[in-house]
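**Q** sharing a sequence plus its predicted fold:
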Amino acid sequence: CKTVASPGRGILAIDESSATCGKRLASIGLDNTEVNRQAYRQLLLTTAGLGEYISGAILFEETLYQSTTDGKTFVDVLKDQNIMPGIKVDKGLVPLPGSNNESWCQGLDGLASRCAEYYKQGARFAKWRTVVSIPCGPTALAVKEAAWGLARYAAIAQDNGLVPIVEPEILLDGDHGIERTLEVAEKVWSEVFFYLAENNVLFEGILLKPSMVTPGAEHKEKASPEAIAKNTLTMLRRRVPPAVPGIMFLSGGQSELEATMNLNAMNQSANPWHVSFSYARALQNSVLKTWQGQPENIEAAQKALLVRAKANSLAQLGSYTGEGESDEAKKGMFQKGYTY
Ligand code: 13P
C-alpha cells in the first residue's frame, strides 16, 4: 500500500476487459485481436520514465501473463520501473433481480484460488469494480449487495496476499445536483465500511477507488474544481478512517483536464490519506488518439502518456497549474449508460 500510495505517484488503470479494450481499439480503427491489445499495452508499459509518476498498474488477466515482443514479461517491465503490478479480479456486472434495473458484480466463486495464482505471477494488489446508479435509486438492495460483495472480495484478496482496491463506482449518469451525489456517496461508503469491518478486513491494507463527488453529467450547471474538492473531501472525512493509506480516484468520464484539476484541488491542504489517481480514460485518451495504431507514432504516444502522468503527479502534490494543456485534454468522455 505504501509503495502505491507514494508521494507524486498514482495508478495507471489499463485493466479493460478484452471486450472494453476492443472498444478503445475500434475508436482508432483497429481490430480487437490479441496482437493489437498486446501492442497497445506494450506501448503504455514500456514508456521510459513512467515509474516517476506511476506507482501501480492495474492489468487485465491476459496482460498479467503476456510479454513484450522482445520476450520480457510485462510484470518484469513494471518491476524494473518500481511500479507494482495489480490485477482486476471481478468478473463484471450482471442485472440484479429484484432491483430497479440495477446491477451486481460477479466473481467471488473461485476468487481465493485465482488470487493465489495471480500472486504467484507477480500481482501485489487487486481491483474489484462494482457500480451504483443514482438515477436508478439507488435501491437499498443494490447498495447493500455492492458493499457486501466488495467486503467479501477484500477479505479474500488480503487472505491471499493482495492489497484490495475497493471500488464502488457511483456513476456520473443523471441530472441531479452535487448535494444528491454527496448524500448517495455517504450512504454507499458507510455501508462499505460497515461490511469491511464485519469481514475483518485490515483497513491499513486496503486502497479505495471512489468517484469524485460531482453533479450528475446532465445537471444544468457544472461544478468548479473547488466545489468538487470540498464535497468530495467532506464525504471522505465523514466516512473514511485515517487508517486507510490511500484514496485513488477513478476518472469516470471526466475529461483529462477536469480529472487533473479536481485532483489538484483536493491536494491544496494536508489530508489524512494519500489522495491520488487511478485513471483509465483520463490517462489514455490522448495516448490512443496520438498512436492511431501506427508504429511511427509510438514515441509521440508515449510522450502523451508522460504528459498526463506528470500532470497528475503534480496534482497529487497540489502543484498543477493547468498551463499548456491541449484541446484534446479538455474533451469530456462521458457517455450515457456507459458500460466497461
Ligand atoms: P476510469 O478512470 O476510466 O473511470 O476507469 C476507472 C476504472 O475503474 C478502471 O480501473
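**A** Alright, I've got the coordinates. Numbers count the residues shown, from 1 in each chain.
**Q** roughly how far apart are residue 32 and residue 259?
**A** 26 Å (Cβ to Cβ, to the nearest Å). Where you see a C-beta, it was placed from the backbone N, CA and C, and this is true even at glycine.
**Q** who's more crowded, these two?
**A** Legend: neighbour count by other Cβ atoms under 10 Å for residue 32 and residue 259, higher for residue 259 (27 against 15).
**Q** what helix or strand does that one sit in?
**A** helix 256-266 (DSSP states H and E).
**Q** what strands line up against the next helix or strand after that helix, and which way round?
**A** For helix 256-266, the following helix or strand on the C-terminal side (DSSP H and E) is strand 274-279. In the sheet, strand 274-279 lines up against strand 10-14 (parallel), strand 246-249 (parallel) (DSSP bridges).
**Q** just put those in TSV and tack on distance to the ligand and mean neighbour count.
**A** Shown next, in TSV, are the strands paired with strand 274-279 (distance: least, Cβ to the nearest ligand atom, whole Å; neighbours: other Cβ atoms under 10 Å):
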stretch	distance to the ligand	mean neighbour count
strand 10-14	3	28
strand 246-249	8	25
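**Q** around the ligand, pick out the residues from the stretch 101-250 of the chain.
**A** With Cβ under 6 Å from any ligand atom as the criterion, the stretch 101-250 of the chain meets the ligand at residues 127, 129, 167, 250.
**Q** my reading is that the second one lies in a strand. Confirm?
**A** Yes. Membership of residue 129 in a strand is supported by DSSP: H, G, I helix; E, B strand; the rest coil.
**Q** for residue 83, phi and psi?
**A** Note on residue 83: its backbone torsions stand at phi -110, psi 130 [degrees, to the nearest 10].
**Q** give me the neighbour count for it.
**A** Counted with other Cβ under 10 Å, residues neighbouring residue 83 total 23.
**Q** quick one, helices of this structure?
**A** For the chain, the helices defined by DSSP state H cover 18-26, 34-45, 61-64, 74-80, 111-121, 140-159, 178-198, 225-239, 256-266, 281-291, 298-316, 327-330.
**Q** show me what counts as buried in the last one.
**A** Translated: helix 327-330. residue 329 (16 or more other Cβ atoms under 10 Å).
**Q** and residue 224, what is it in contact with?
**A** Shown in contact with residue 224 (Cβ atoms under 8 Å, 6 or more residues apart in numbering): no residues.
**Q** the one 4 residues further on now?
**A** For residue 228, the contacting residues are 178, 212-214, 262, 265, taking Cβ under 8 Å, 6+ apart as the criterion.
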